[in-house]
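Participant: I would like to see how this sequence folds:
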Amino acid sequence: MKGDLFSSQHVVQPAVAPGMSVENAKCLKYAVNGEMYARQGAMVAYRGDLVFERKGQGVGGMLKRAVTGEGLPLMAVRGQGEAWFAHEAQNCFIVDVEPGDQFTVNGRHVLCFDASLSYEIKTVKGSGITGGGLFNSVFTGQGRLGLVCDGNPLVIPVSAQAPVYVDTDAVVGWTTHLQTSLHRSQSIGSMLRGGSGEAVQLMFQGEGFVVVRPSELTPQKNQQH
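Facilitator: Presented below is the predicted three-dimensional model:
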């Protein structure tokens, strides 16, 4: 066969090492040699001897998901082979989590991750009960975490001298040593006049990085997750 579709730009190459890699802007490849985890329904293709199983979260995890709507619907992938993961043609990125690190991420942005990583759902400190509460997944351990985002994310440095304010629907995740709290940027008078639509943000203080999607979550997208 000939044509641009069958050029080296699109034809996948065998993995050179086990683990996660970027296949292209919209897809991650995982060379499985044992076990890894991915969001349910994210596998788009695979080859080799692989088994896909729904991963239980335990009674506590399922309860948190029912209450918060935040849980990660996961599947375990076991065996030897290669699998490709994607979600709604969103852009894909990889985060390397090192020992002692802690990366907090909104569950809707998680695509896949190494079995060596662990996560738990936690309330975002200082967020109060706005919108039913803010809950995110906190990853620890050592390994790689694959993320998806609508468009190319902004990675904004945060320092003690320069806190960063982010729309709560635009936050993808943030690094270990950041403190969070809610910040109201709109006056009561402005709210009574209809407001600007930017009433409350999540404020980040400390030293680290916050990852932001380049658009707010639309109501339609929110209902899909």
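
Participant: quick one: low-confidence parts of this structure?
Facilitator: Counting by pLDDT under 70, the chain has low-confidence residues at 1-2, 9, 56-72, 125-134, 185-199, 216-225.

Participant: recalculate using a threshold of 80.
Facilitator: Where the chain drops to pLDDT under 80, the residues are 1-10, 16, 55-72, 123-135, 183-200, 215-225.

Participant: quick one: the helices in this protein?
Facilitator: Under the criterion DSSP state H, the chain contains helices at 58-68, 188-192, 219-224.

Participant: the residue most central in space within the chain and Leu50: what is the separation?
Facilitator: Closest to where the C-alpha atoms of the chain average out (CA atoms, centre = their mean) is His109, at 2.8 Å. His109 sits 24 Å away from Leu50, going by CB to CB, to the nearest Å. Heads up, the C-betas are built off the backbone N, CA and C, glycines and all.

Participant: Phe209 now?
Facilitator: 34 Å.

Participant: got it, and Tyr30?
Facilitator: On the measure of CB to CB, Tyr30 and Leu50 end up 10 Å apart.

Participant: likewise for Asp114?
Facilitator: Distance from Asp114 to Leu50, counting by CB to CB: 16 Å.

Participant: those two: which has the busier surroundings?
Facilitator: Taking neighbours as other CB atoms under 10 Å, Asp114 and Leu50 compare with Asp114 leading, 22 against 17.

Participant: beta partners for the residue nearest to the more buried one when sequence neighbours are not counted?
Facilitator: Nearest residue to Asp114, sequence neighbours excluded (CB to CB, 6 or more residues apart in numbering): Gly143, at 3.1 Å. On the basis of DSSP bridges, Gly143 is bridged to Val97.
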